[in-house]
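> predicted model and sequence follow; I will ask about them next.
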Amino acid sequence: MTQLSSFRPWCAGLIAGVCVIPLHAADWPGYRGPSGNGHSPEKISRSWSAEGPKVLWRVPSKGGFSSFVVSGGRAVCLELREFNGVEQESVVARDAGTGKELWAQALGTLKINDGGQDGAAGNKGGDGPRSTPALDGNRVYTYSAKLVLQCFDAATGKEVWKHDLMKEFAGGKISWQNAQSPVVEGDLVLVAGGGAGQSLLAFDKKSGEVKWKAFDETSTHATPVVTEILGQRQAVFFLKSGLLAIDPKSGVELWRYAFPFAVSTAASPVVSGDLVYCSAGYGVGAGAARITRGRGGWKATEVYRKPGNKPLSNHWSTPVLVNGHLFGMFQFKEYGSGPVKCVEAKTGEVKWEKPGFGPGHVIAIDRHVLALSDTGELVLIEAATDAYKEVARADVLPGKCWTTPVVSGGHVFARSTEEAVCLDVAVRGAAR
């Protein structure tokens, strides 16, 4: 791989005033952005130099697949750190403008050296934390590999409250441990992972008080999506039994869509109006259900089901919806080579595909798709449905990138199993 820049000294991230986040910066406060659907409301420069976007800071960031959240001038993710001589899952807060570390807290040990070590030849290893934290005002929320939900003061890193779901709510381990991210919805923090009768839980985000708990389900690695369908606010969980939608305020069930499970489910569901798409690897494939509401209540009716690892398997990379089409990495263990595809959401028909991305991640921004390949290439693609149209490309990170690139204040925040980087993609004047 060609290097984005030969300038990599770690002190680059500590130079005061190099990168100032604008006051109007759009926050990226949780996994998959401000609306939980992978969309950024910002504009982005489409004119990159031959070397790629300007590097504002670059710092070491060891291990795992946790993505950044950015809010209040802070950029936070989970990394592997050594505390008291023991390598642990850790939450790390940085100054978003400089990359300087503000604080770090240990979350506990986790199992590594299994499937997270996979990858393309020459780009393996780096297993570690897989959950992405949430930032809400002056609080940071984390959900560890061992199902410990914690709230920290965003300025100091001091613990505010904590719940161990395995000890307090009879939670059970799943393969590869937890990768689900906590979701802040209004005054609540939503997670899955408890035991019988309390597998889905809602906590008061300020006090940590349990507001409701319900259901007898087995959680997966998929993060729930909170959205509006047919005028009703609802949280859609992708569980071992399939999709389950609930009223987030009360925990009352709205509808279900039974969907197969094999080994691991990790990609979040995607909502397109009254249609909900979901997909998993290990031969499961994809499906979509139409949601209706009548006198008899809510109902999910299957529109299509496409089994198998092709054409529509999403191993853990959740696609984004733009103009009725899904854009993202549709593949299963095609490390370094898997394609980006454009898929019509209502039919599951593949409109085009472009290989060479692997199981990275995408976001939607300014009528484009911003993709981070598993080899660390940042690629801007027009959200066109007739053909693959690449706008810009740069090699921005070494190591393995099974993480989501995020945009806040005209800056891309991205990380691999080795480094974290902040890039300038702000629109200036008439330049796009």
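The structure has been received and is ready for your questions. Numbering: from 1, shown residues only.
> how long is stretch 359-367 end to end?
Taking Cα to Cα, to the nearest Å as the measure, stretch 359-367 stretches 22 Å from start to finish.
> do stretch 132-148 as well
End to end - Cα to Cα - stretch 132-148 spans 13 Å.
> quick one: average pLDDT of it?
In this model, stretch 132-148 has a mean pLDDT of 97.
> run a quick neighbour tally on Trp298.
17 (other Cβ atoms under 10 Å). Heads up, the C-betas are built off the backbone N, CA and C, glycines and all.
> do you know how far it is from Ser35?
In this view, Trp298 and Ser35 are 22 Å apart by Cβ to Cβ, to the nearest Å.
> over to Gly297?
From Gly297 across to Ser35, the span is 27 Å (Cβ to Cβ).
> between these two, which has more neighbouring residues?
More crowded of Gly297 and Ser35, by other Cβ under 10 Å: Ser35, with 13 against 10.
> now that one: how far from Ile363?
Separation of Ser35 from Ile363 (Cβ to Cβ): 11 Å.
> what of Val59?
In terms of Cβ to Cβ, Val59 sits 22 Å off from Ile363.
> was I right about Asn323 contacting Thr385?
Yes - if you go by Cβ atoms under 8 Å, Asn323 and Thr385 touch, sitting 7.2 Å apart.
> those two - which one has more neighbours?
Set side by side, Asn323 and Thr385 show more neighbours around Thr385, with 15 against 12, by other Cβ under 10 Å.
> any idea of the pLDDT on that one?
pLDDT at Thr385 comes out at 98.
> how close does it sit to Arg58?
35 Å.
> again with Glu418
Glu418 is 10 Å from Arg58, where distance means Cβ to Cβ.
> neighbouring strands - and their directions - for the helix or strand harbouring Val59?
For Val59, the host element (DSSP states H and E) is strand 54-60. Neighbouring strands of strand 54-60 in its sheet, by DSSP bridges, are strand 419-424 (antiparallel).
> so for the strand it pairs with, what's the average pLDDT?
98.
> restricting to C-alpha, output that strand in CSV.
Extracted as CSV, the C-alpha positions of strand 419-424 are listed here (Å, rounded to 0.1, in the frame of the first residue of the first chain):
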residue,chain,number,x,y,z
GLU,A,419,-3.4,3.9,14.6
ALA,A,420,-6.0,6.6,14.8
VAL,A,421,-6.1,9.5,12.3
CYS,A,422,-8.0,12.8,11.9
LEU,A,423,-8.2,14.1,8.3
ASP,A,424,-9.4,17.5,7.0
